[in-house]
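> Show me the folded form of this:
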Amino acid sequence: MSSSVLAADPAGTTTLIPHVVGGARVDGDGRTGPIFNPATGEQTGAVSLASADFVHEAARIAQAAQPAWRATGLGKRQQVMFRLREIVSQRAEELARVITAEHGKTVPDALGEVARGLENVEFCTSLMHHLKGDYSEQVAGGVDVHQVRQPIGVVACITPFNFPAMVPLWMVTTAIAAGNAVILKPSERDPSAAVWLAEAFAEAGLPAGILNVVHGDKEAVDAILDDPIIRAVSFVGSTPIAKYIYTRAAENGKRVQALGGAKNHMIVMPDADLDSAADAAISAGYGSAGERCMAVSVVVAVGGVADELVAKIAERIPAVTVGDGTQPGVEMGPLITRDALDRVTGFVAGAEGEGARVVVDGRALEVGGDGFFIGPSLVDDVAPGMRVYDEEIFGPVLSVVRVGTYDEAVALINSNRYANGTAVFTRDGKTARQFEFDIEVGMVGINVPIPVPVGAFSFGGWKDSLFGDTHMYGPEAFNFYTRRKVVTTRWPDPSESQISLGFPTH
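Numbering: from 1, shown residues only. Below is the predicted model of the structure:
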């Protein structure tokens, strides 16, 4: 597998990131979009953008390849997963640098992303267990019933820019392990990691046409949602787009799981270790420049801890080294695009006008060059109704909301329309247990600021953070990517009459 996923375009004027369809790199049908290095602001290449016709053709190719993969023995499918794990593990830094070059996150952060993606590959190496059916004998005289899991056919995975390797590995590994063929539509902002993964799958022995990478914008997404060959769609992204994908795909009779946005709160109780809580707020709020759906964006200070907690967070911010993610010692890279930078800057600029207090203003950070940089910002005295509180910022802006009691903190979180992840910092077991019971959020951390489940569990929020009822990866993913078929069997004695007037009961 080549260490570069860039190919020369037909004119030879720039580097072009191709589609991968039917096991081959394909330049597409003319339209392209720019790719930037967020640390420098320079365009480094272009990506092919698929037309609707191109998507439909890719779906037909996947459909043609899928029956043979479905018929492939589970042991052979399992071996592909084992080989994939070794390839990605051995070349993790290579993949991490591909991610950093287009996303901007630091190389260590990208390595962490790869490691979390590998958890799902490892879970899928046990596909023989996850695809087991059920059996009941003698449900009636001489009658047995068994249930089997079978693949859906062709499925589509639409993945976000913030985890260009991990989220594809959440989806495509399970879909492929279950016997499906996949159309992977990564973000057009940082698409090279998806091409890298497709070539790693091929090297691991996956047949051509089972994993197809199709780049594109809304035209490609709409084609996926409308194509009758594609039977199911998985998506991670913002809430408005998740709702759109869920609605349009469901109207077309597809199975859909669509994970939306987040506004993750971290409660700090009066008995908490404030140094630990402040450290957690820094890592969870500013890691990967806040471009995580599980990033902490709101710290809820309970009782009289707010002043001390805010001071501890503020004193740690200058120690966060911001810069080019490829450089040693850098802890936070740039935002993904200039538009993202402008949007995040706007939240900080407008906070004081809404009545909040900007304690640390990340706009004051100076990094040489034209990269998409903003420093960590800390905003105190935030309240519901302010734009900085109500909207998903997706940047390194940490808000502090002050409340008097535990009950007020829980009511604040439970009234929020997002319910992806949350955490409580406390030394009291009774409070922690009560929080787990009371809170209406899909993923909960107890002294853990980013409670992303390990690969043996499934990932997903509640309310406007999830459309559909199935979470990503883990056991729920095998349910999503398979259909259950129930078979009722009777082998009558040859001497018995073959005439039956109904369900046998003797």
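
> can we go C-alpha only for contacts and neighbour counts from here?
Fine.

> Pull stretch 29-43 out as PDB, backbone CA atoms only.
As requested, C-alpha coordinates have been extracted for stretch 29-43 and formatted as PDB (Å, rounded to 0.1, in the frame of the first residue of the first chain):
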ATOM      1  CA  ASP A  29     -16.500  12.800 -13.600                       C
ATOM      2  CA  GLY A  30     -14.900  16.300 -13.400                       C
ATOM      3  CA  ARG A  31     -16.100  18.200 -10.300                       C
ATOM      4  CA  THR A  32     -13.500  18.700  -7.500                       C
ATOM      5  CA  GLY A  33     -13.200  20.500  -4.200                       C
ATOM      6  CA  PRO A  34     -10.200  22.000  -2.500                       C
ATOM      7  CA  ILE A  35      -8.200  20.400   0.300                       C
ATOM      8  CA  PHE A  36      -6.300  22.600   2.700                       C
ATOM      9  CA  ASN A  37      -3.600  22.200   5.300                       C
ATOM     10  CA  PRO A  38      -5.300  23.900   8.300                       C
ATOM     11  CA  ALA A  39      -1.900  24.700   9.900                       C
ATOM     12  CA  THR A  40      -0.800  26.800   7.000                       C
ATOM     13  CA  GLY A  41      -4.000  27.700   5.200                       C
ATOM     14  CA  GLU A  42      -2.600  26.500   1.900                       C
ATOM     15  CA  GLN A  43      -4.400  24.400  -0.600                       C
END
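
> just how off-centre is it within its chain?
With Cα atoms, centre = their mean, to the nearest Å as the basis, stretch 29-43 stands 22 Å off its chain's centre.

> so how far is Glu203 from the most centrally placed residue in the chain?
Residue closest to the average C-alpha location in the chain (Cα atoms, centre = their mean): Val167, at 4.0 Å. Distance of Val167 to Glu203, computed by Cα to Cα, to the nearest Å: 20 Å.

> what about Thr431, distance to Ile439?
Relative to Ile439, and taking Cα to Cα, Thr431 is found at 12 Å.

> actually Ser288, not the one I wrote
Distance from Ser288 to Ile439, by Cα to Cα: 27 Å.

> for Met166, same thing?
Taken as Cα to Cα, the span from Met166 to Ile439 is 27 Å.

> count of residues packed around Phe82?
The burial count assigned to Phe82 is 17, neighbours taken as other Cα atoms under 10 Å.

> Spatially nearest residue to it (excluding sequence neighbours)?
Thr125 (6.1 Å; Cα to Cα, 6 or more residues apart in numbering).

> Tell me how many other residues surround that neighbour.
For Thr125, the neighbour count with other Cα under 10 Å is 23.

> so how far is the longest helix seen in the chain from its chain's centroid?
Longest helix in the chain by number of residues (criterion: DSSP state H): helix 52-71. Helix 52-71 has its C-alpha centroid displaced from the chain centroid by 24 Å (Cα atoms, centre = their mean).

> Checking my notes, Arg433 in a strand, right?
No - counting by DSSP: H, G, I helix; E, B strand; the rest coil, one finds Arg433 to be helix, located in no strand.

> now it: how far from Asn162?
32 Å.

> C-terminal to the lowest-mean-pLDDT helix or strand in the chain, what's the next element?
Sorting the helices and strands of the chain by mean pLDDT, DSSP states H and E puts strand 7-8 at the bottom, at a mean of 40. Later in the chain than strand 7-8, the nearest helix or strand by DSSP states H and E is strand 15-17.

> Now do the end-to-end distance for stretch 25-33.
Stretch 25-33 end-to-end distance (Cα to Cα) = 17 Å.

> Contacts for it next, please.
With Cα atoms under 8 Å, 6 or more residues apart in numbering as the test, stretch 25-33 has contacts from 9, 16-20, 46-51, 54, 188.

> again, 10 Å this time
5, 7-10, 16-21, 45-51, 53-55, 188-189, 195, 199, 212-217 (Cα atoms under 10 Å, 6 or more residues apart in numbering).

> Would you show me how to pick out the buried ones of those residues in PyMOL?
Applying 16 or more other Cα atoms under 10 Å to the contacts of stretch 25-33 leaves a buried subset, and the PyMOL line that selects it is:
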select buried, resi 5+7+9+16+17+18+19+20+21+45+46+47+48+49+50+51+54+55+188+189+195+199+212+213+214+215+216+217
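
> Okay, the nearest residue in space to Gln79 that is not next to it in sequence and Ile158: tell me how far apart.
The spatially closest residue to Gln79, leaving aside those adjacent along the chain, is Thr125, at 7.6 Å (Cα to Cα, 6+ apart). According to Cα to Cα, Thr125 and Ile158 sit 23 Å apart.

> can you tell me the average pLDDT over stretch 191-210?
Across stretch 191-210, pLDDT averages out at 98.

> what residues are up against the residue nearest to the centre of the chain?
Per Cα under 10 Å, 6+ apart, neighbours of Val167: 113-114, 116-117, 120, 157-161, 186, 194, 235-236, 472-473.

> Would you mind measuring from Phe54 to Ala140?
52 Å.

> should've said Gly117
In terms of Cα to Cα, Gly117 sits 46 Å off from Ala140.

> go on, Ala411?
52 Å.

> contacting residues around the residue nearest to Gln79?
Shown in contact with Thr125 (Cα under 10 Å, 6+ apart): 75, 77-85, 173-174, 177.

> of these, buried ones?
77-78, 80-85, 173-174, 177.

> Give the residue spans of the stretch 151-300 of the chain that score low on pLDDT.
Of all residues in the stretch 151-300 of the chain, none has pLDDT under 70.

> and Ser234, that's in a strand?
Yes - assignment of Ser234 by three-state DSSP places it within a strand.

> my guess is it meets Arg255, correct?
Yes - at 8.6 Å, Ser234 and Arg255 qualify as touching, with contact defined as Cα atoms under 10 Å.

> Show me the common contact partners of these two, please.
155, 246, 468, 470, 480-481.

> Name the member of those with the most neighbours.
Val155 (30 neighbours).

> host element of it?
Per DSSP H and E: strand 154-158 holds Val155.

> Please work out the angle formed by the directions of the helix or strand just after that strand and strand 154-158.
On the C-terminal side of strand 154-158, the closest following helix or strand by DSSP H and E is helix 166-177. Orientation check (axes from the mean of the first three to the mean of the last three Cα atoms, to 10 degrees): helix 166-177 against strand 154-158 gives 170 degrees.
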